[in-house]
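Chemist: Provided below are the primary sequence and the corresponding predicted coordinates.
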Amino acid sequence: MEATLLPQAMINGVTLGTNYVLMALGFTMIFGVLRIVNFAHGEFYMLGAFFVLTAISQLNIPYFPAAILAIAAVALLGFISERVIFRRFRDKEKEIEGMIVALGLSIFLQNIGLVIWGPYDQSIPPVFTGVFKFGNIFYPVERFMAVLLSVVLMISFYLFLKKTRVGLAIQALAQDTEIARVQGIRINRLYPIAFAIGTGLAAAAGAIIGPVFQLNPWMGLTPQVKAFMVVILGGLGSIPGAVLGGFILGIAESFVSTFASKAIADMLGFIIVIAILIFRPSGLFGQSQITR
Amino acid sequence: MLMNKTSIGFSKIQTLAVWMLVVFLFFLPVLSSDEFYLNIVISIYLQIILAVSLNLIIKTGKLSFAHAAFMGIGGYTSAMLVMRLKLPFVLCLPLSGVMAAAIAYVVGRVLLKLEGVYFVLVTFAFGEVVRLFFVNLVVPFGGPTGITNIPAPVITFFPGYTMTFLSKASYYYLVFIVMLMTLLIIRRIYRSAIGKIMDCTRETEHLAEFTAIDTFQCKMFAFVVGSFFAGLAGSLYAHYYRYISPESFTFWETVNLVIINVVGGMGGILGPILGAIFLVPLPEFLRGFVEYQRVLYGLVLILTLCFMPAGMLGPLGRIASRLKSKYMTKEGIE
Amino acid sequence: MTVVLQTEGLSKRFGGLMAVNNVAFSVQRGEILGIIGPNGAGKTTLLNLISNRYPPNTGTILYNGKSIVGYPPNRIAKMGLVRTYQSTVSYSGATVWENMIRAQLGYSFLGLWSEFLMTKAVREKSRIQNEKAGSLLRFFGLDAFKDSEARSLPYGYQKLLGLAIGFAGDPQILMLDEPAAGLNLDERTRLTNAIRTINGKGLTVILVEHDMKLVMGLCHRVLVLNYGQKIAMDVPANIQRDEEVIKAYLGVDHELA
């Protein structure tokens, strides 16, 4: 019995990790490029999951196309949000206002979700069934598929950033707005696109994880907090930091939960966040506060 | 940050009007003993204490997302002191404030070194740590279910005359007095050199430092004093609802306070007061439409920040300045 | 001739770059010292070191014989060593009058309790502050702008306001970071006159500047930096003839020629 706890915790940790990484990627990109702490990120995740549910149950669209539609829809929503709402808060001085506006959006979306879909848990019909069994270790196939899809998405995102023109432009924008502008990069077009991609990633996380867990309008709260923790750990604005941080947090949480308790794992997470913000605010990879 | 210069200076006529309002409010429970309305007004008063004390912290340029946590610290402290140590309420109330202030002092030394969004995030994390602390400790804090059967305040005014603040009317007076004290104190701070120094710290911190202003001490002062009042509010809250749990002071409670400040305007103490008056009763009157009400909250927050950065004080301030320039000379103000 | 400020072996490194390298100089009470040098010579870094914006890697800074390394900026300002910034010269959203009041707040703060209670001493201090604000504005010729927002002032007057703010605390030494940057001829003249007048009242001035004419015409002595090192320190007449200085400024051109 004891012998399986360790590998089981490890597998759970990795699963959790990919979950966190997807959320963190979008969140950190939005901060890195637009300098907005997107408090509504969890809500885009929630919308992703619910859009999939609606597409499947109301429109009879099968899972994969439904997921793609959902992601596109949320990305569009994100695009509009940036153009209409967040564009006023692009200056550094307006950072905090931008954050509070995101908070307002979060409240708005949560409760719109509540109005539309109601407060009760709902579920997306499972897409994959079955369980992998290695000795005493159980690993549901759908979780494995979730991890696989997440990894595929992470790699696609990486390729997008490094290999496409838009991706490179976004990276340039994150590094230095002025220089990017001088180089002829159309900032006004890029900002909403970057935001759309970030929220699209959150929606993707929601669409992927949706079938595994229950859906309700507040399902975005925990992933939001986790994303925020991961990003602090890895460094606000750092992509590799988000990936590394996501796995570290996922695995660490899994182990502490397994061997101690979830409540302690939660508290430890926040204490670590505080410690990092105090002693090494740039996290593992992020930009140092001072160089801003 | 968000602070706008639109503060409404008080002239002699306005001061008189305010005091008349105070007298009227003092007799409110006599005029109307309707429990429903008294409850709302008490809630408004509690939120005013919390919102104005948060305003104090914001005035130095720091947005603390841990404010509700300090309220919780005050509440639990008060409950513990009254129930376990059997201390009289008149002692527990200020001690709750002191406890919150003490923790703010220790924590502030470290947290206040962080800038902008980092400070917001770290106070958010701290608030969560406090909440989880109370959730995890079943002994003595009751864990997730919190503490129940907190006794109503008992105050001995002079030997032989003891009053238990059980009725809403009596509690109204208790909260009203504490609120007035809070407002008077914070208003005095704002009008003194301390308030001006806070403005300097918030607006252009390094200029302030290079003109011999100790901005760190300024921020510490605001943080500690603001948290003190949050602690007081927590104590009043705990003995009013006779119950406290970690759910009473989550991050979302702080968000409500932030909304009150943003929507009401943060220029002085009038802003949060207006914000509380406007926003607190809303849930009560929109009982049937709870979800829509929260939708509205979010929308109002977004719209206010986009179009009315000075909050309600913006348009009100413009009306007031027009009246001012019509009826008053330069000397009358300040 | 008393030495009011003195540095020894002052160095500051940023990453791999020695921004300030082993700089030693002293400033006499009542003089106007100019610090010049080609771009990147380390002038602003030197100023930042003296005003404790960040600590030096090595070296000492003595103010009236006392070491001030590591002291927070507000404490040094209170001790009489005040600097102005090139970019943020004033509280831009506040009126000019407000700015002059705010400039005095830190120096005359009487303690939390007294200020809160608004004691008689505090009220008296407030009255003095008001008077001083008025006289300072008149002195610097800013009186007409009293109720205007600082950011609405013409640029030259904004810089004068910055100077006034620095002066409001009755400093012993005023350190100015490129005070003439962006000013036209008229504004420069106004600025130099103001500096001369306050120097006449006994104030020691250190200024970092690019404008040669201004520096040579205004300063009693000039310190020349190049690549973080002190290459000359003398009266303007000698500096203008100094070979090392000429080489430093023209050296690049020679290379290209």
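Modeler: Here it is on my side, so go on.

Chemist: can you give me the helices for chain A?
Modeler: Secondary structure of chain A, counting by DSSP state H: helices at A:2-34, A:41-59, A:63-84, A:95-117, A:141-163, A:165-175, A:177-182, A:187-209, A:221-234, A:239-259, A:262-279.

Chemist: what angle sits between the fifth one and helix A:239-259?
Modeler: Angle, helix A:141-163 to helix A:239-259, by axes from the mean of the first three to the mean of the last three CA atoms, to 10 degrees: 160 degrees.

Chemist: the third one too?
Modeler: Computed by the same axes, to 10 degrees, the angle separating helix A:63-84 from helix A:239-259 equals 120 degrees.

Chemist: can you check the fourth one too?
Modeler: If you take the same axes, to 10 degrees, helix A:95-117 sits at 60 degrees to helix A:239-259.

Chemist: kindly report the same for the longest one.
Modeler: With the same axes, to 10 degrees applied, the angle from helix A:2-34 to helix A:239-259 works out at 150 degrees.

Chemist: and helix A:2-34, which residues are buried?
Modeler: A:8-9, A:11-34 (16 or more other CB atoms under 10 Å in any protein chain shown). Quick note: C-beta positions are derived from backbone N, CA and C, even for glycine.

Chemist: so which of the helices of chain A comes closest to chain B?
Modeler: With distances scored as CB to the nearest CB, the stretch of the helices of chain A nearest to chain B is helix A:95-117 (3.0 Å).

Chemist: roughly how far out does the closest one sit from the chain middle?
Modeler: With CA atoms, centre = their mean, to the nearest Å as the basis, helix A:95-117 stands 16 Å off its chain's centre.

Chemist: what do you get for stretch B:132-142?
Modeler: For stretch B:132-142 - counting by CA atoms, centre = their mean - the centre lies 25 Å from the chain centre.

Chemist: let me see the mean pLDDT of it.
Modeler: Per-residue pLDDT over stretch B:132-142 has a mean of 87.

Chemist: start to end distance for it?
Modeler: Chord length of stretch B:132-142, first to last residue, is 12 Å (CA to CA, to the nearest Å).

Chemist: and that stretch, is it in reach of chain A?
Modeler: Yes. Residues of stretch B:132-142 are located near chain A by CB under 8 Å from any CB of the partner chain, namely B:132-133, B:135-136.

Chemist: list the residues that contact the nearest residue to residue A:66 once chain neighbours are set aside.
Modeler: Nearest residue to residue A:66, sequence neighbours excluded (CB to CB, 6 or more residues apart in numbering or on different chains): residue A:55, at 3.7 Å. Applying CB atoms under 8 Å, 6 or more residues apart in numbering or on different chains, one finds that residue A:55 lies in contact with A:61, A:65-66, A:69-70.

Chemist: of those residues, buried ones?
Modeler: Neighbour counting over the contacts of residue A:55 (16+ other CB under 10 Å) leaves A:61, A:66, A:69-70 as the buried ones.

Chemist: do stretch A:244-254 and chain B meet at all?
Modeler: No. Residues of stretch A:244-254 are not located near chain B by CB under 8 Å from any CB, the shortest gap being 13.6 Å.

Chemist: for chain A, give me its nearest residue in chain C.
Modeler: Taking CB to the nearest CB, chain A has its nearest neighbour within chain C at residue C:54, 9.7 Å off.

Chemist: for the closest residue in space to that residue that isn't next to it in sequence, give me the pLDDT.
Modeler: Spatial nearest neighbour of residue C:54, excluding adjacent residues (CB to CB, 6+ apart): residue C:48 at 6.3 Å. On pLDDT, residue C:48 comes in at 87.

Chemist: how deep is residue C:48 tucked in, by neighbour count?
Modeler: Neighbourhood size, residue C:48 [other CB atoms under 10 Å in any protein chain shown]: 19.

Chemist: looks to me like it is in a helix.
Modeler: Yes. Secondary structure of residue C:48 (DSSP: H, G, I helix; E, B strand; the rest coil): part of a helix.

Chemist: the residue lying closest to residue A:217 once chain neighbours are set aside - how many residues pack around it?
Modeler: The shortest distance from residue A:217 to any non-neighbouring residue, by CB to CB, 6+ apart, is to residue A:113 (3.6 Å). When neighbours are defined as other CB under 10 Å, residue A:113 has 24 of them.

Chemist: again, but for residue A:250
Modeler: The local packing of residue A:250 (other CB under 10 Å) involves 22 other residues.

Chemist: one more: the one 3 residues further on?
Modeler: Counted by other CB under 10 Å, the residues lying close to residue A:253 total 23.

Chemist: quickly check: stretch B:61-81 near chain C or not.
Modeler: No. Applying CB under 8 Å from any CB, one finds stretch B:61-81 separated from chain C by no less than 12.8 Å.

Chemist: near chain A at all, that stretch?
Modeler: Yes. Applying CB under 8 Å from any CB, one finds stretch B:61-81 touching chain A at residue B:63.

Chemist: run the chain-centre distance for that stretch.
Modeler: Taking CA atoms, centre = their mean, the mean C-alpha location of stretch B:61-81 is offset from the chain mean by 11 Å.

Chemist: pull it out as CSV, backbone CA atoms only.
Modeler: C-alpha atoms of stretch B:61-81 as CSV (Å, rounded to 0.1, in the frame of the first residue of the first chain):
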residue,chain,number,x,y,z
GLY,B,61,-0.9,54.7,-2.6
LYS,B,62,-1.2,51.1,-1.3
LEU,B,63,-4.2,49.0,-2.1
SER,B,64,-4.5,46.4,0.6
PHE,B,65,-6.4,43.3,-0.2
ALA,B,66,-6.0,42.1,3.3
HIS,B,67,-8.4,44.5,4.9
ALA,B,68,-11.1,42.0,5.5
ALA,B,69,-8.5,39.7,7.1
PHE,B,70,-7.8,42.3,9.7
MET,B,71,-11.5,42.7,10.4
GLY,B,72,-11.5,38.9,10.9
ILE,B,73,-8.6,39.1,13.3
GLY,B,74,-10.4,41.7,15.3
GLY,B,75,-13.6,39.7,15.3
TYR,B,76,-12.0,36.5,16.5
THR,B,77,-9.9,38.4,19.1
SER,B,78,-13.0,40.0,20.5
ALA,B,79,-14.9,36.7,20.6
MET,B,80,-12.0,35.0,22.3
LEU,B,81,-11.4,37.8,24.9
